[in-house]
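K.L.:
Dropping a prediction and its sequence here:
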Amino acid sequence: MKRKDIIELTIEGMEFGGRSYAISEDRKVELKGGITGQRISARVKKARKNKAEASILGVIEKSPLETALTCPHFGDCGGCMYLSLPYEEQARLKEEMVYRLFEEAGISGFEAFPIQLSPSAYAYRNKMEYTFGDNEKNGPTMLGMHKKGRSFDIVTVDECMIVSEDFNRILSATLEYFKSLGIPHYNKKAHEGYLRFFIIRRGENTGELMVNLVTSSQLDPDLSGYVDMLLSLNLESNIVSILNTIDDNLADAVKCEELRVLHGRDHIFEEVLGLRFKISPFSFFQTNTKGAEKLYSIAREFAGESKGRTIFDLYSGTGTIGQILSKEATKVIGIELVGEAVDAANENTRLNGISNCTFIAGDVGEKVRELEEKPDIIVIDPPRMGATQKAIADIITFGARDIVYISCNPKTLIDNLLQLQEAGYKIEKVMPVDMFPHTPHCETVCLLTPK
């Protein structure tokens, strides 16, 4: 086996994060993607004495596990890696992979709960960010997701199974509208064109929809006809916000240089566990509303009695979990790096009539050292890369009675838990929570107490 060889493999097992492996010539071959039992063709990227890396070129034979119905885009779209697996099987595999990470790290002695399933396995996403482009050079405009393994090719995903039918109708109508007018999509190599990205957000519990068309400033068409077309669609939810974001940044990401409100307001509302939240075009909010309600309920249960307690909500985002825990607490202090999220959090506390929550903008590792209050409970919900060693070291000095750690990446969670464990904290409870059916991702909630 050597680099660039094309080989056939049978996938032996799966690892957290959308990875899998096979055995060939007594070597472990690591792969991105793949399902246990699949027979695949792959190209060797690296070959060493004991292991190799390869990229999957195609599936020769499906796995016996793949018995679920899939959408027409499956295999081309890079979104739903596990869609062909029955949902209960996906969840079983995720639970197994999460707890294997704990076992490999030597972390034991905790109460291990079964994985909590998403309340809905389909049509669960409340936000999608699509891209305009094509799937061949100078080809017709497409609107959807990046083709699997490709940086430029786009697949139109108008029959997606993880969003509501409203999203598919709006996507399809938008694509046909601009194609009929001959308005060009943006070419990110030449940096020419008009149509760049397309974002839809939905309040699952309020039924409010936001449509955000992201364009360059290279054209300035009259979009009133587009607004009228959207408002004429037969939808289950109600469009309350139609926006045009101007983005001339060269990066292949949404950057707001100007925001134009074409219809309604510049935000929607969502309700979670009896609280109301204002969601702006670019603010973070959990993409699975019903799953978030379950996740936050578990975190609240793990935190235990909060009456008369001071709570630190670290990496607080728009302050959802802090506000949910605030009902009986004496005080909640949240820290979040993104200033816009902090503004939204403080606005949401006013919206909900909550007076004992304060949210601060800044780096968690720096801001925790400035606080004079001592917390009884600390909630940590960091981004995918986890909390820094320095931030964890500062958190340890507070000596909180309980630490509830909510992680979207069990691999970085393990690193943080080892540091907390070494400092004298005991891991009491662990529960995986599936917020993202059909993808490799999974949340994990942990409770830690001082030994």
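P.N.:
Received it, and whenever you're ready, just let me know what you need.
K.L.:
for the helix or strand that contains residue 332, what is the average pLDDT?
P.N.:
Element membership for residue 332, per DSSP states H and E: strand 331-336. The predicted model assigns strand 331-336 a mean pLDDT of 94.
K.L.:
now do stretch 300-311
P.N.:
pLDDT averaged over stretch 300-311 gives 93.
K.L.:
wait, doesn't residue 70 sit right on residue 85?
P.N.:
No: when contacts are counted by C-beta atoms under 8 Å, residue 70 is not listed as touching residue 85 (9.8 Å). Every residue, glycine included, has its C-beta placed from N, CA and C.
K.L.:
neighbour count winner among these two?
P.N.:
The neighbour count for residue 70 versus residue 85, taken as other C-beta atoms under 10 Å, is higher for residue 85 (22 against 14).
K.L.:
on that earlier part again, report the buried residues of the very next helix or strand once past the strand holding residue 332.
P.N.:
Remark: after strand 331-336, the chain's next helix or strand is helix 339-351, criterion DSSP H and E. For helix 339-351, burial by neighbour count (16 or more other C-beta atoms under 10 Å) applies to 341, 342, 343, 344, 345, 346, 347, 348, 349.
K.L.:
where does residue 177 fall, helix, sheet strand or coil?
P.N.:
Here residue 177 takes the helix state, with states given by DSSP: H, G, I helix; E, B strand; the rest coil.
K.L.:
how far away is it from residue 382?
P.N.:
Going from residue 177 to residue 382 by C-beta to C-beta, to the nearest Å gives 41 Å.
K.L.:
Among those two, which residue is more densely surrounded?
P.N.:
Regarding residue 177 and residue 382, a neighbour count based on other C-beta under 10 Å identifies residue 382 as having more, with 21 against 15.
K.L.:
Show me what counts as buried in stretch 295-305.
P.N.:
By 16+ other C-beta under 10 Å, the buried positions in stretch 295-305 come out as 295, 296, 298, 299, 300, 302, 303.
K.L.:
Please state the offset of the helix or strand where the fifth one lies from the chain centre?
P.N.:
Residue 300 belongs to helix 289-303 when elements are defined using DSSP H and E. Its chain's average C-alpha position is 16 Å from that of helix 289-303, according to C-alpha atoms, centre = their mean, to the nearest Å.
K.L.:
burial count for residue 64?
P.N.:
Neighbours of residue 64 using other C-beta under 10 Å come to 10.
K.L.:
For it, give me its contacts.
P.N.:
Counting by C-beta atoms under 8 Å, 6 or more residues apart in numbering, residue 64 touches residue 37.
K.L.:
How about residue 257?
P.N.:
Listed by C-beta under 8 Å, 6+ apart, the contact partners of residue 257 are 245, 246, 247, 248, 249.
K.L.:
What are the contacting residues of the lowest-mean-pLDDT helix or strand in the chain?
P.N.:
Least confident helix or strand of the chain, by mean pLDDT, DSSP states H and E, is helix 364-367 with a mean of 86. Residues from elsewhere that reach helix 364-367 (C-beta under 8 Å, 6+ apart): 314, 315, 335, 337, 360, 382, 387, 388, 390, 391, 394.
K.L.:
Correct me if wrong: the first one contacts residue 362.
P.N.:
Same thing as residue 314. No: counting by C-beta under 8 Å, residue 314 sits too far from residue 362 to count as a contact (11.1 Å).
K.L.:
Mutual contacts of the two, please.
P.N.:
Common neighbours of residue 314 and residue 362 (C-beta under 8 Å, 6+ apart) are residue 335.
K.L.:
out of those two, which sits in the more crowded spot?
P.N.:
residue 314 (25 against 14).
K.L.:
List of residues touching stretch 342-353?
P.N.:
Here stretch 342-353 has contacts from 275-280, 283, 316-319, 322-323, 334, 336, 355, 357-361, using C-beta under 8 Å, 6+ apart.
K.L.:
any chance you could map the strands in the stretch 1-150 of the chain?
P.N.:
6-15, 19-24, 27-32, 39-47, 51-61, 111-112, 127-133, 142-146 (DSSP state E, counting those that start in this stretch).
K.L.:
Please convert the ones you listed to TSV, extending it with mean neighbour count, mean pLDDT and distance to residue 212.
P.N.:
Output for the strands of the stretch 1-150 of the chain, formatted as TSV (neighbours: other C-beta atoms under 10 Å; pLDDT from 0 to 100; distance: least, C-beta to C-beta, whole Å):
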stretch	mean neighbour count	mean pLDDT	distance to residue 212
strand 6-15	17	96	35
strand 19-24	19	95	33
strand 27-32	18	94	31
strand 39-47	17	95	37
strand 51-61	16	94	34
strand 111-112	12	98	41
strand 127-133	22	97	9
strand 142-146	22	96	13
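K.L.:
Between those strands, which one is closest to residue 213.
P.N.:
Evaluated with C-beta to C-beta, those place strand 127-133 nearest to residue 213, the distance being 9.5 Å.
K.L.:
Show me what that closest one is packed against.
P.N.:
Applying 3 or more C-beta pairs under 8 Å, 6 or more residues apart in numbering; DSSP states H and E, one finds that strand 127-133 contacts strand 142-146, strand 154-156, strand 195-202.
K.L.:
Need those strands in a markdown table (columns: distance to residue 129).
P.N.:
Output for those, formatted as a markdown table (distance: least, C-beta to C-beta, whole Å):
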| stretch | distance to residue 129 |
| --- | --- |
| strand 142-146 | 9 |
| strand 154-156 | 12 |
| strand 195-202 | 5 |
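K.L.:
Could you point out which of those sits nearest residue 39?
P.N.:
strand 154-156 (24.4 Å).
K.L.:
What is the distance between the closest one and the centre of its chain?
P.N.:
20 Å.
K.L.:
Next: stretch 103-111.
P.N.:
On C-alpha atoms, centre = their mean, the centre of stretch 103-111 falls 26 Å from the chain's centre.
K.L.:
repeat for stretch 352-360
P.N.:
Centre to centre, stretch against its chain (C-alpha atoms, centre = their mean), the figure for stretch 352-360 is 26 Å.
K.L.:
buried stuff in that stretch?
P.N.:
Quick answer for stretch 352-360 (16+ other C-beta under 10 Å): 352, 354, 356, 357, 358, 359, 360.
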